[in-house]
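# please find the sequence and the predicted model below.
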Amino acid sequence: MTRPGAVWRNWGRTVQAKPVRAEFPATADAVARAVSAAARRGLRIKPVGSGHSFSDIAVAPDVLLDLSALSGIVAIDRETRRVTFGAGTPLHQVPRLLARHGLAMQNLGDIDRQTIAGAISTGTHGTGIAFGGLATQVVGVTIITGSGETRRIGADDPLLAAASLGLGALGVLVDVTLQCVPAFHLEAVERPEPLDEVVAELPDRAGAADHFEFYWFPHTDVALTKTNRRVPETTPRRPLPRVGKFLDETVLANGVYRGMCAVGRALPPVIPAFSRLATRVTGHREYLDRSHRVFTQRRGVRFREMEYALPAEKVASAFAEVRALIAAEGWRISFPLEVRFAAGDDRWLSTAYGRPTGYIAAHRYFREDPTAYFAAVEQIMLAHDGRPHWGKLHSLGADLLRDRYPRFDDFLAVRREFDPEGLFRNPYLDRVLGL
C-alpha cells in the first residue's frame, strides 16, 4: 500500500515516483469521484497495483490510486463459470477464492504477486502454445473513463479486445470478469537436458506438451526444462515434500542464489562456475499438485527484465543469436534466459496478437547495469519481428510499435473516446502510444 506523500517504487527498483497525492477508494463510485476531481483540477491520475512492472507504465505523475480495497469476488455465475473480481485482487489470492467453487484460472504466469487489473493491462502471460495470455481469459470489465463515466464492457462488445489489455490508457478498471475452468492438477517434470537438443526440437516440444518452457544459464550447455501436463482434479496429488521444496525454492533458488549474484557482481569471472553449479543442483523434480502451485514460483532475488514476443517459428534462431552474442561480447551474465510459448489471440495490444508466439526473456541482477546487454538483445528481437512486453524494459516508441500491431490506430481511437483530455497519460504512455 502507498501512503500519501510517500515515494512509490516498483519491485525491480527501476522506477520511482512521488505523486502529488494518493487516494484509496473502496468502491467504484469512489473511483469515479476521484477521477472527476482530478479532471477538475487538471491533474493526471493512475492506478497502481503491486509494482511488478519493470517499465514505468504504472508511474503516477500526479494522483496515485491504490485499489487494494477493491478486492475479492464480486459476483459468480456457476453455470457459465464466469467470476467477477475486484480489480485490485492479488493474483495469489485468486486460487483460494476459486477453490471453494471448484474452479481455477485456465493459465497463470510464474509470478502471482500482481493484481488482476495490472496483470491483464500489461499483457502478463504464462506458457503453453494452446493457451493465451491472462487477458484472453477476460470476458468483461467495468471501467471508469476520463469523464468519470462508469462503463460495462461485456463479452459481446468488440471494445473488450481493447479494454482487456489497455495499458491503463483507457481508464481505471474497477472489476474484471474471468472465464474460469473446472479446477485441475498439473503433473510437472523438471529436468536438465542438453541445450542444443532442446533448441533443435523446440517446435515439437512446445506442441507436444500442455505447458513447456526452459531456462538457460549463460556459460552452460544445459537447458532446465519444465513440462506440465494437465490432469483432472481427481488425480491423486504427489506434491513436493515440504523440506525438499523449502531447500529448492527458499534456500537454493533464493537464499544461495542471492549470495551468488552478489558475489558475481563483485567478481564477474566467477559467474560461469556459479552458473554451472546452478544447473547441477536445480531442475531435477517430478510432482503432481494443484495447478497454481505448479504454475507459480516464489521469486525472492530482485532482478530487471526485458522480454520480447516473437513468431513461434523464429524463437530458435533468435535464441541462437543471443547465445552467440553473449559469447562474443564476453559478458558474464548470472541470470538465466527464459523461453515460453503462447497461443495467438485477438486482443489488440497483445504481444501474441494474430500469431502463435514464443517469448525470450533476458534478466539481470538488480544491482547490475543491464543497459548494454538489453540493448543488444533488443536489436536481435526486433530483427525477428519481436514485440516488447509492455510491463518490462524496452526502448520502443510509437513509431516502431505501430508497424508491429495491426490494430494500433484502432486502439488510439478508443483511447481518444475514453480519455479525450489525456487524464490517464504518463511519460511511458506518451512514448509508446505517441501521445
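Arrived safely.

# count of residues packed around Q16?
As a burial measure, Q16 scores 12 neighbours (other C-beta atoms under 10 Å). In this view, the C-beta of every residue, glycine as well, is placed from N, C-alpha and C.

# contacting residues for it?
Contacts for Q16 (C-beta atoms under 8 Å, 6 or more residues apart in numbering) come out as V7, W8, R9, N10.

# now stretch 173-189: buried residues?
Buried residues in stretch 173-189, counted by 16 or more other C-beta atoms under 10 Å: 173-181, 183-188.

# so which of the contacts of Q16 belong to strands?
Among these, the residues falling in strands (DSSP state E) are W8, R9.

# by neighbour count, which of the contacts of Q16 wins?
Highest neighbour count within these: N10, with 21 neighbours (other C-beta under 10 Å).

# how many neighbours does H284 have?
By other C-beta under 10 Å, the burial measure for H284, its neighbour count, is 12.

# the one 5 residues further on too?
D289 sits with 17 neighbouring residues when counted by other C-beta under 10 Å.

# which ones are touching the residue lying closest to it once chain neighbours are set aside?
Nearest residue to D289, sequence neighbours excluded (C-beta to C-beta, 6 or more residues apart in numbering): P239, at 4.5 Å. With contact taken as C-beta under 8 Å, 6+ apart, P239 is in contact with K245, Y287, L288, D289, R293.

# and Q379, by the same measure?
Taking C-beta under 8 Å, 6+ apart, one finds nothing in contact with Q379.

# report pLDDT for it.
Q379 is assigned a predicted lDDT (pLDDT) of 98.

# so it versus L400, what's the distance?
12 Å (C-beta to C-beta, to the nearest Å).

# do P25 as well
The value you get for P25 to L400, if C-beta to C-beta is used, is 36 Å.

# also P182?
In terms of C-beta to C-beta, P182 sits 42 Å off from L400.

# for the stretch 201-350 of the chain, what spans make up the helices?
202-208, 242-245, 257-266, 271-281, 291-295, 315-329 (DSSP state H, counting those that start in this stretch).

# state whether Q379 is indeed within a strand.
No. Going by DSSP: H, G, I helix; E, B strand; the rest coil, the assignment for Q379 is helix, not a strand.

# where's the most centrally placed residue in the chain, which helix or strand?
For the chain, the residue nearest the mean C-alpha position is T124 (3.1 Å; C-alpha atoms, centre = their mean). For T124, there is no host helix or strand (DSSP states H and E).

# closest one of the contacts of P239 to E329?
Of all the contacts of P239, E329 sits closest to K245, with 36.7 Å by C-beta to C-beta.

# what about stretch 174-186, start to end distance?
31 Å (C-alpha to C-alpha, to the nearest Å).

# could you do stretch 79-98 as well?
14 Å.

# list the buried residues of that stretch.
Quick answer for stretch 79-98 (16+ other C-beta under 10 Å): 81-95, 97-98.

# list the ones among those that fall in strands.
R82, V83, T84, F85, G86.

# farthest-separated two in the residues you listed?
R82 and G86 (15.1 Å).

# so where's the stretch 101-250 of the chain uncertain?
Along the stretch 101-250 of the chain, the parts satisfying pLDDT under 70 run over 243-250.

# in stretch 344-355, what's buried?
By neighbour count on 16+ other C-beta under 10 Å, the buried set for stretch 344-355 is G344, D345, D346, R347, W348, L349, S350, T351, A352, Y353, R355.

# could you do stretch 404-411 as well?
R404, Y405, R407, F408, D410, F411.

# turn these into JSON lines, including distance to T220 and secondary structure.
Below are those laid out as JSON lines (distance: C-beta to C-beta, whole Å; DSSP: H, G, I helix; E, B strand; the rest coil):
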{"residue": "R404", "distance to T220": "32", "secondary structure": "helix"}
{"residue": "Y405", "distance to T220": "36", "secondary structure": "coil"}
{"residue": "R407", "distance to T220": "40", "secondary structure": "coil"}
{"residue": "F408", "distance to T220": "39", "secondary structure": "helix"}
{"residue": "D410", "distance to T220": "44", "secondary structure": "helix"}
{"residue": "F411", "distance to T220": "41", "secondary structure": "helix"}
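
# of those residues, closest to R40?
Closest to R40 out of the buried residues of stretch 404-411 is F411 (27.1 Å), distances taken as C-beta to C-beta.

# please verify my assumption that that closest one contacts A163.
No. With contact defined as C-beta atoms under 8 Å, F411 and A163 do not form a contacting pair (9.9 Å).

# tell me the contacts of V181?
Contacts here follow C-beta under 8 Å, 6+ apart; on that basis V181 touches R81, L103, A104, M105, Q106.

# ok, it to G102 distance?
For V181, the distance to G102 - C-beta to C-beta - is 10 Å.

# what's the answer for D385, then?
Applying C-beta to C-beta, the value for D385 to G102 is 41 Å.

# ditto for I111
25 Å.

# ok, those two, which is more surrounded?
Between I111 and G102, counted using other C-beta under 10 Å, the more crowded position is I111 (18 against 12).

# quick check: closest non-adjacent residue to G128.
Spatial nearest neighbour of G128, chain neighbours left out: H211 (4.2 Å); criterion: C-beta to C-beta, 6+ apart.

# who is the one you found paired with across the strands?
Counting by DSSP bridges, H211 is bridged to N228.

# what about it, how many neighbours?
With other C-beta under 10 Å as criterion, H211 counts 25.

# surely it and N228 touch.
Yes. Counting by C-beta under 8 Å, H211 does reach N228; the two are 3.9 Å apart.

# which residues do these two both contact?
G128, L186, F295.

# returning to that earlier point: show me the two of the buried residues of stretch 173-189 that sit farthest apart.
Of all pairs drawn from the buried residues of stretch 173-189, the widest gap by C-beta to C-beta lies between V174 and E187 and measures 37.6 Å.

# quick revisit: more neighbours: P25 and L400, which one.
Between P25 and L400, P25 has the larger neighbour count (other C-beta under 10 Å), namely 22 against 14.
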